[in-house]
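Student: Show me how the following folds:
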Amino acid sequence: MVGLGPGDAALTAPLASRALAEAHAVAGYSTYLDLVPAQLLEGKRIISTGMMGEVERCSMAIEEALSGRDTVVVSGGDAGVYGMAGLVLELLEVRGLLDTVSCEVVPGIPALTGAAALLGAPLTHDFACVSLSDLLTPWELIEKRLEAAASADFVLVLYNPRSRRRSGLLARAFEIIQGHRGPQTPVGMVRQAWREGQSVRVSTLTEADPEAADMLTIVVVGNSQTRLAGGRMLTPRGYAQKYGMG
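Tutor: Numbers count the residues shown, from 1 in each chain. Sure thing, here's the model as predicted:
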């Protein structure tokens with residue numbers, strides 16, 4: 001299981017590139033396969049499915065591995081952060097193959113750190129990450145996690161903030177967070193981080209527009225100490241207080 005990083009091939013880890021180069025078969029969601037340099041896919045069996053085809057795709061990859069072919073399952077970002085590493089292990093567990101199929105998780109740069117780097121330094125203190133997708137998780141549980149994380153003053157990273165079918169979830173998430181944060185709390189929205197068409201916008205919790213987000217957007221909401229510094233989000237770790245800076 002390989003994480004490709006946020007999008008730019010330069011941000012794919014060397015170990016991930018080596019795994020791709022040595023593989024006989026590569027499985028992935030079509031959008032992520034498009035991020036793999038063409039030379040790393042030449043002459044290989046490609047297993048590609050669209051959205052909602054995760055189980056079928058990973059099952060086919062396991063069959064390839066059982067046939068003796070080195071097989072890579074790619075994910076965007078990191079394979080272990082909302083990626084396919086968990087599903088592959090689940091499938092191997094269900095089929096009783098955990099001791100039969102040798103597998104390895106190769107880490108990648110997750111989208112949240114790719115987005116954070118473009119926003120400045122919003123994650124230099126404790127943070128929580130919540131996916132707003134209710135396809136596999138009940139919305140009631142997502143709200144409970146948002147409420148808990150917001151009340152504990154974590155910086156919040158929101159994945160899958162909005163789609164055509166789930167157009168109101170980010171607005172509801174902002175309502176929950178506003179119950180625990182001031183109106184001037186910085187909010188960053190990064191779309192297509194480190195990919196063609198990248199956009200970065202920073203606003204306040206009051207001004208943040210849920211309509212500006214989609215499934216390709218990462219949303220970062222600061223904690224009570226996060227501020228703007230030169231147009232970038234800054235969440236201080238506490239050095240200024242400890243060492244009397246400034």
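
Student: and the nearest residue to Asp214 once chain neighbours are set aside, which of the three is it?
Tutor: Spatial nearest neighbour of Asp214, chain neighbours left out: Arg162 (5.6 Å); criterion: C-beta to C-beta, 6 or more residues apart in numbering. Every C-beta, even on glycine, is put in place using the N, C-alpha and C of the backbone. Three-state call for Arg162 (DSSP: H, G, I helix; E, B strand; the rest coil): coil.

Student: so who does Arg162 touch?
Tutor: By C-beta atoms under 8 Å, 6 or more residues apart in numbering, the contact list for Arg162 reads Leu132, Leu169, Leu170, Pro210, Glu211, Ala213, Asp214, Met215, Thr217.

Student: Report the contact partners of the fifth one.
Tutor: For Glu211, the contact set (C-beta under 8 Å, 6+ apart) comprises Arg162.

Student: again with the last one
Tutor: For Thr217, the contacting residues are Pro161, Arg162, Met189, Val190, Arg191, by C-beta under 8 Å, 6+ apart.

Student: repeat that with 6 Å
Tutor: Pro161, Met189, Arg191 (C-beta atoms under 6 Å, 6 or more residues apart in numbering).

Student: just those now: which is nearest Lys242?
Tutor: Met189 (31.8 Å; C-beta to C-beta).

Student: Now that closest one: which helix or strand?
Tutor: strand 186-191 (DSSP states H and E).

Student: Now do that strand: everything it contacts.
Tutor: 115, 118-119, 199-203, 205, 208, 212-213, 216-222, 226, 228, 233.

Student: Now list the buried members of these.
Tutor: 115, 118-119, 200, 202, 205, 208, 212-213, 216-222, 226, 228, 233 (16 or more other C-beta atoms under 10 Å).

Student: quick one: which of the residues you listed sit in strands?
Tutor: Val200, Val202, Thr217, Ile218, Val219, Val220, Val221, Leu228, Met233 (DSSP state E).

Student: Between which two of these is the distance greatest?
Tutor: Once C-beta to C-beta is applied, these give Thr217 and Leu228 as the farthest pair, at 19.5 Å.

Student: in this protein, which spans are helices?
Tutor: 14-22, 30-33, 54-66, 85-94, 111-119, 139-151, 169-178, 239-243 (DSSP state H).

Student: Most tightly packed of those?
Tutor: helix 111-119 (a mean of 23; mean count of other C-beta atoms under 10 Å).

Student: who's in contact with that one?
Tutor: In contact with helix 111-119 (C-beta under 6 Å, 6+ apart) are residues 6, 77, 122-123, 157, 188, 190, 193-194, 200, 218, 220, 233.

Student: Out of those, flag the one nearest to Ala27.
Tutor: Scanning the contacts of helix 111-119 for proximity to Ala27, where the rule is C-beta to C-beta, the winner is Gly77, at 16.4 Å.

Student: list the contacts for the residue nearest to Gln178 when sequence neighbours are not counted?
Tutor: Once flanking residues are discounted, Gln178 sits nearest to Leu205: 6.0 Å by C-beta to C-beta, 6+ apart. Contacts here follow C-beta under 6 Å, 6+ apart; on that basis Leu205 touches Arg181, Pro183, Thr185, Val187.

Student: what do you get if the cut-off is 8 Å, keeping everything else the same?
Tutor: Phe174, Ile177, Gln178, Arg181, Gly182, Pro183, Gln184, Thr185, Pro186, Val187, Val221.

Student: Reformat those residues as CSV; add pLDDT and distance to Tyr32.
Tutor: Converted to CSV, those look like this (pLDDT from 0 to 100; distance: C-beta to C-beta, whole Å):
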residue, pLDDT, distance to Tyr32
Phe174, 98, 29
Ile177, 98, 30
Gln178, 97, 34
Arg181, 97, 33
Gly182, 97, 38
Pro183, 97, 37
Gln184, 97, 37
Thr185, 98, 32
Pro186, 98, 30
Val187, 98, 27
Val221, 98, 26
